[in-house]
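Peer 1: sequence? don't have it. structure:
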């Protein structure tokens, strides 16, 4: 009995996407990528199930990233204000 092959996430996504597009049959994709058709069916099902999460996470991540960016920018503004005040006082302006 042979050893199990492991496939990268990129490869699985590529094959699942090709299967979702539907230009080729599962048998054609299996022969092209040297994978059993049942594996392609599983990857296709996983892709369909996880697709809504991709968009939901992106929106949630965008909000937290934006909040972190605003916080960092406010800190930078405060730092620059302090430096500006210090230099204004140092040069008597």
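Peer 2: Arrived safely, thanks for sending. Everything numeric in this text was worked out from a predicted model, so none of it was measured.

Peer 1: how far does the longest helix anywhere in the chain sit from the chain's center?
Peer 2: The residue-count maximum for a helix in the chain (DSSP state H) belongs to helix 37-91. Offset of helix 37-91 from its chain centre (CA atoms, centre = their mean, to the nearest Å): 12 Å.

Peer 1: per-residue confidence averaged over that helix?
Peer 2: Averaged over helix 37-91, pLDDT sits at 86.

Peer 1: that one packs against which elements?
Peer 2: helix 9-21, helix 26-33 (3 or more CB pairs under 8 Å, 6 or more residues apart in numbering; DSSP states H and E). Placement of C-beta: from N, CA and C, glycine included.

Peer 1: what's next to the first one, contact-wise?
Peer 2: Read that as helix 9-21. 24, 26, 29, 33, 35, 40-41, 43-44, 46-48 (CB atoms under 8 Å, 6 or more residues apart in numbering).

Peer 1: can you tell me which of those residues has the most neighbours?
Peer 2: residue 43 (22 neighbours; other CB atoms under 10 Å).

Peer 1: check contacts around the residue nearest to residue 26 when sequence neighbours are not counted.
Peer 2: Take residue 26 and drop its neighbours on the chain: the residue closest to it by CB to CB, 6 or more residues apart in numbering is residue 37, 4.4 Å away. By CB under 8 Å, 6+ apart, the residues touching residue 37 are 26-27, 29-30.

Peer 1: swap in residue 33?
Peer 2: Counted by CB under 8 Å, 6+ apart, residue 33 has contacts 11, 15, 40.

Peer 1: count the neighbours of the first one for me.
Peer 2: A total of 13 residues lie near residue 11 under the criterion other CB under 10 Å.

Peer 1: what's the separation between it and residue 78?
Peer 2: Applying CB to CB, to the nearest Å, the value for residue 11 to residue 78 is 48 Å.

Peer 1: do the same with the second one
Peer 2: Taking CB to CB as the measure, residue 15 and residue 78 are separated by 51 Å.
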